[in-house]
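S.K.: kindly generate the corresponding structure for this input.
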Amino acid sequence: MKDSHEFFGLLRKFKLSRTQALHLAPAGYAKKVDLQAFKTIAETCSGQQIPVMIFVGNKGCIQIHSGNITKLVPMGPWFNVLDPEFNLHLREDLVAGVWHVIKPSTDGDVNSIELNDAEGEMILQMFGKRKPGIPELTEWRELVNHTSK
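M.R.: Residues are numbered from 1 along each chain as shown. You can find the predicted model right below:
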């Protein structure tokens, strides 16, 4: 792969669900981690102001946030981001899988944290903020690699 967007084409080509592909990925490219890893990464990004990109979607639409996350508010089974320009309400008890995924690109490897539900459907993807032609933030890469050990 030269671009992480090519991953979707590979899923279609080989008729795989995203979760199946993660299980079949070569060693070192997809690692199952726990929900606490996601929460720790979000909390560290908030505290250190490491900018992120968060993708949340379904078959009908997708919301993309690019920038800092600041106000994290856990409440019961909910993990919330309550910022003026971005709100996230994640039901922790409905998260069945959390993955640290590494996708090769022409700008170097791109690390993400991906959450899915019991049916293997994507709930959320989080990356360090970046654009094509710009390598991944070192702070993001180090945080994800350290937290997902």
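
S.K.: helix/strand/coil for Arg141?
M.R.: Put simply, Arg141 is helix when judged by DSSP: H, G, I helix; E, B strand; the rest coil.

S.K.: quick check on the residue lying closest to it once chain neighbours are set aside: phi, psi?
M.R.: Residue nearest to Arg141 in three dimensions, not counting chain neighbours: Asn111, with 5.5 Å by Cβ to Cβ, 6 or more residues apart in numbering. (Glycine included, C-beta is placed from N, CA and C.) Dihedral angles of Asn111 (phi, psi; degrees, to the nearest 10) stand at phi -100, psi 140.

S.K.: confidence score at Asn111?
M.R.: pLDDT, the model's per-residue confidence, is 97 for Asn111.

S.K.: pretty sure it is touching Pro135, no?
M.R.: No. Counting by Cβ atoms under 8 Å, Asn111 sits too far from Pro135 to count as a contact (11.4 Å).

S.K.: so between those two, which is more surrounded?
M.R.: Set Asn111 next to Pro135 and count neighbours by other Cβ atoms under 10 Å: Asn111 wins out with 21 against 14.
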